[in-house]
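> Everything below, folded, please.
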Amino acid sequence: MVFIPRGNDVLNTNPATGVDEALSLHGSDWLWAVTAIYIVSFLGLLSLCFTARESDRVFHYLYTMALLVGAVTYFAQASDLGWSAVEQADHLGHGMIRQIFFAKYINWVVAFPSFALGLGLLSGISWVTIVLNIFISWFWTLAYLAAAYTSTDYKWGFFAFGTFSWIILAMSTLNECREAANLLGVGRDYIMLAGYLNVLWVLYPIAFALSDGGNIISVTSGFIFFGILDVLMLPVLSFAFVIMGRKWDFGKLNLAFSDYRVHREGAVSGGKEVAPAVDEASVS
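You can find the predicted model right below:
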């Protein structure tokens, strides 16, 4: 029996009809590679959940789910799915129809807030600031999505609003949250994580302006740019949080959420038995 390797038949199975600028076969191959990286990272981080103490799994759970969403969105893009045909003007002012992959923004609308939440939890900043940073990261992503789907030069208004929101997010994660992290004794680790993330984040507006915004580079080139950024962001930083977190005191950071659980036996305090905090009947 002769085995013939199966090629990438995505563009024949899910053809991009009615567009001038579309994903190429090599672009699909690259997206399959990124999908594999996300799946392996998801499985690796999921397995680490079983080796960590239950009270120390907050970052495991947070980024495991973000990686799962990222794997699904990259699977859709590699399959030439999750896109719309949007009229654009190229850098010479000529009109054309370009593939705009909304699946890419679904990935970001989960990944960006996940890091806003993770950095907020690590720094010990107030929940008000954490919620605000999550909202800002959503606003940033959705403003870029609106810009991508706008066919006129008014798209740069959405781009400006989104980029300005990123500046606010950068100021919060690099200044206010850093100061709070110093008080908890994790300032060095925090600034390494937040600094690395913000170096990547500063490249996203550039990549967007060249691809879905300005239509200067092709769909495939845009995916190569974004794919590198996404891999360096979510898979790399997810494991950085988990590995560096092995030396953190989750009790001091108030992140040992699972320690607040029901004990069926009464605790002994000062020679007297103390009843459990939760009534047995409520959990029976």
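> what about the helices in the stretch 51-200 of the chain?
For the stretch 51-200 of the chain, applying DSSP state H, counting those that start in this stretch gives helices covering 58-78, 102-123, 127-148, 155-171, 177-183, 187-201.
> Any chance of CSV for those, columns mean pLDDT, mean neighbour count and distance to Asn215?
The C-beta positions use only the backbone N, C-alpha and C, and glycine is treated the same way. Output for those, formatted as CSV (pLDDT from 0 to 100; neighbours: other CB atoms under 10 Å; distance: least, CB to CB, whole Å):
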stretch, mean pLDDT, mean neighbour count, distance to Asn215
helix 58-78, 95, 22, 18
helix 102-123, 95, 22, 15
helix 127-148, 96, 19, 10
helix 155-171, 96, 17, 10
helix 177-183, 86, 17, 36
helix 187-201, 95, 17, 22
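> Reformat the ones you listed as JSON lines; add distance to Thr51.
Listed next are the helices of the stretch 51-200 of the chain as JSON lines, based on distance: least, CB to CB, whole Å:
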{"stretch": "helix 58-78", "distance to Thr51": "9"}
{"stretch": "helix 102-123", "distance to Thr51": "19"}
{"stretch": "helix 127-148", "distance to Thr51": "27"}
{"stretch": "helix 155-171", "distance to Thr51": "32"}
{"stretch": "helix 177-183", "distance to Thr51": "26"}
{"stretch": "helix 187-201", "distance to Thr51": "20"}
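> Asn175: neighbouring residues, count only.
Using other CB atoms under 10 Å, Asn175 is surrounded by 10 other residues.
> give the contact list for it.
Residues near Asn175 by CB atoms under 8 Å, 6 or more residues apart in numbering: none.
> Just list the residues touching the residue sitting nearest the centre point of the chain, thanks.
By CA atoms, centre = their mean, the chain has its centre lying nearest to Ala111, at 1.4 Å. Shown in contact with Ala111 (CB under 8 Å, 6+ apart): 66, 69-70, 230, 233-234.
> buried stuff in stretch 87-107?
Buried residues in stretch 87-107, counted by 16 or more other CB atoms under 10 Å: 88-89, 97-107.
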